[in-house]
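# Provide a 3D model corresponding to the input given below.
(one chain, ligands or ions: 1)
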Amino acid sequence: MSNSKVAIITGGASGLGLATARSLSRKSWRVHVFDLSVISEDTVEPELSRCVFHKVDVASWDSLSSTFDAVFKAEGRLDFVFANAGVMEKGKFFERHNPSSLPPEPEELSIDVNLKGVTKTSYLAQHYFRANKNGSNGCVLIMTSSIAGIYPQSITPFYSAAKAGIVNFMRSVAPIFYQEDGIRTYAICPASVRTNLLPEELWDAYPQEYLTQMGKVTSTVESLVYGSKFEDSWGQKFDKFTVGLVVEIFVDDVYFRGPPSPCNDGMEFILELMHPIKEENARKKGVETQV
Ligand SMILES: NC(=O)c1ccc[n+]([C@@H]2O[C@H](COP(=O)([O-])OP(=O)(O)OC[C@H]3O[C@@H](n4cnc5c(N)ncnc54)[C@H](O)[C@@H]3O)[C@@H](O)[C@H]2O)c1
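Have a look, this model is predicted:
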């Protein structure tokens with residue numbers, strides 16, 4: 001069994017995933033990168049020497065599950081999963097077509113990768129966290145949503161749907177993951193970070209003062225992984241007992257975004273009834289959730 005902590009990062013060959021892989025690798029983690037593109041061992045920078053690159057399509061169950069299994073068998077442990085792989089929506093949802101014939105099928109890759117890739121990855125993370133010799137207590141799962149998961153984004157409606165889907169999926173699984181298995185689960189919602197997600201010319205045209213720095217994203221991810229105490233820009237406090245956080249990251253600020261409040265007392269009662277963590281059990285276990 002590996003003596004180092006072991007992470008799986010999807011979409012780790014570029015952008016936010018690569019920066020996180022680099023940062024954890026510096027802290028002596030063993031990092032397994034699952035990505036469609038693979039950085040060859042000959043060209044890999046020394047900082048990434050503790051990373052192993054696997055060619056994986058997160059939208060394919062066979063590709064994703066077989067690689068999770070191979071990594072777990074090789075390392076004998078799994079501590080952190082970053083469900084991060086994503087693509088920008090390429091289709092033109094609002095395009096007009098000849099009214100006398102069937103329109104072409106819409107291009108839904110951003111749902112398959114950004115939402116279904118994350119739900120599959122989370123399902124597998126749960127399974128392999130539980131398979132740890134010492135159990136899953138303290139394991140961490142972070143999903144990459146986006147500000148498009150909080151605010152509607154009309155230019156890319158499928159992307160926005162996928163990212164919003166992640167937010168409610170995360171809020172739905174986080175209390176159960178924590179209560180049943182001690183797994184801490186979060187979603188990050190970064191604003192615009194200059195990566196390969198968009199072409200250079202779009203980044204050049206973007207108001208540069210509103211770009212979010214990569215370091216802000218990686219430091220936020222690490223605070224969540226380590227469960228360190230930190231405070232958001234509204235003064236709300238976080239520590240390792242707070243799970244189910246949705247963390248918006250904009251320029252230099254982070255904001256913990258709570259779920260919508262119930263419309264009235266009746267809904268509050270119903271939500272209490274359906275809430276998977278009952279107050280007293282939660283208190284006994286030291287569980288504090290935002291969900
Ligand atoms: N950059 C931003 O402004 C921004 C803002 C909010 C959210 N995000 C999200 O952050 C995540 C990372 O994006 P990024 O900005 O680092 O972009 P990026 O393009 O630099 O990196 C994304 C990586 O995901 C990989 N990938 C794409 N489809 C895949 C698949 N089917 N299977 C495996 N890997 C796949 C790509 O090969 C690439 O290496 C995405 O989920 C994106 O939606 C990015």
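# Stretch 213-226 and the ligand, any residue contact?
No: judged by C-beta under 6 Å from any ligand atom, stretch 213-226 and the ligand are separated, with a smallest distance of 8.4 Å. Every C-beta, even on glycine, is put in place using the N, C-alpha and C of the backbone.
# Sort out which residues of that stretch are buried, please.
For stretch 213-226, burial by neighbour count (16 or more other C-beta atoms under 10 Å) applies to 214, 216-221, 223-225.
# Following element in sequence after the longest helix seen in the chain, please.
What stands out as the longest helix in the chain, according to DSSP state H, is helix 157-181. Remark: after helix 157-181, the chain's next helix or strand is strand 184-190, criterion DSSP states H and E.
# gap between whichever helix or strand comes after that following strand and the chain center?
The element immediately downstream of strand 184-190 (helix or strand, assigned by DSSP H and E) is helix 200-205. Helix 200-205 has its average C-alpha position 25 Å from the chain's average C-alpha position, going by C-alpha atoms, centre = their mean, to the nearest Å.
# looking only at pLDDT, what's the mean for helix 200-205?
Averaged across helix 200-205, the pLDDT comes to 96.
# Stretch 66-85 too?
Per-residue pLDDT over stretch 66-85 has a mean of 98.
# Endpoint to endpoint, that stretch covers what distance?
Stretch 66-85 has an end-to-end distance of 17 Å (C-alpha to C-alpha, to the nearest Å).
# What is the least confident helix or strand in the protein?
Ranking every helix and strand in the chain by mean pLDDT, DSSP states H and E puts helix 279-285 at the bottom, with a mean of 59.
# Checking the most centrally placed residue in the chain next. Helix, strand or coil?
Nearest to the mean C-alpha position of the chain, by C-alpha atoms, centre = their mean, lies Met143 at 1.3 Å. In three-state terms, and counting by DSSP: H, G, I helix; E, B strand; the rest coil, Met143 is strand.
# My understanding was that it contacts Lys120; is that so?
No: contact criterion C-beta atoms under 8 Å: Met143 and Lys120 do not qualify, at 11.6 Å.
# ok so, going back, distance-wise, check the residue nearest to the centre of the chain relative to the ligand.
Distance of Met143 to the ligand, computed by C-beta to the nearest ligand atom, to the nearest Å: 9 Å.
# same check, this time on Glu180
Distance, Glu180 to the ligand, using C-beta to the nearest ligand atom: 27 Å.
# And for that residue, the neighbour number?
Neighbour count for Glu180, taken as other C-beta atoms under 10 Å: 12.
# go on, Gly11?
For Gly11, the count of nearby residues is 31 (other C-beta under 10 Å).
# Report the spatially nearest residue to it, omitting neighbours in sequence.
Spatially, and ignoring its direct neighbours in sequence, Gly11 is nearest to Ala85 (3.0 Å; C-beta to C-beta, 6 or more residues apart in numbering).
# next one: phi and psi at the one you found?
Main-chain dihedrals, Ala85, degrees, to the nearest 10: phi -60, psi 140.
# Spit out the contact partners of it.
If you count contacts by C-beta atoms under 8 Å, 6 or more residues apart in numbering, Ala85 has them with 10-11, 17, 34-36, 58, 113-114, 117, 121.
# near the ligand, from those?
When contact is defined as C-beta under 6 Å from any ligand atom, the contacts of Ala85 meet the ligand at 10-11, 17, 35-36, 58, 113-114, 117.
# How far does stretch 20-39 stretch from one end to the other?
Span of stretch 20-39 from end to end, C-alpha to C-alpha: 15 Å.
# ok, and for that stretch, which residues are buried?
20-25, 29-36, 39.
# Tell me which of these fall in strands.
Of these, the ones assigned to strands by DSSP state E are 30-35.
# Closest one of those to the ligand?
Asp35 (4.3 Å; C-beta to the nearest ligand atom).
# secondary structure class for the closest residue to Arg130 other than its chain neighbours?
Counting by C-beta to C-beta, 6+ apart, Arg130 lies nearest to Ser136, which is 4.9 Å off, once chain neighbours are set aside. Here Ser136 is recorded as coil under three-state DSSP.
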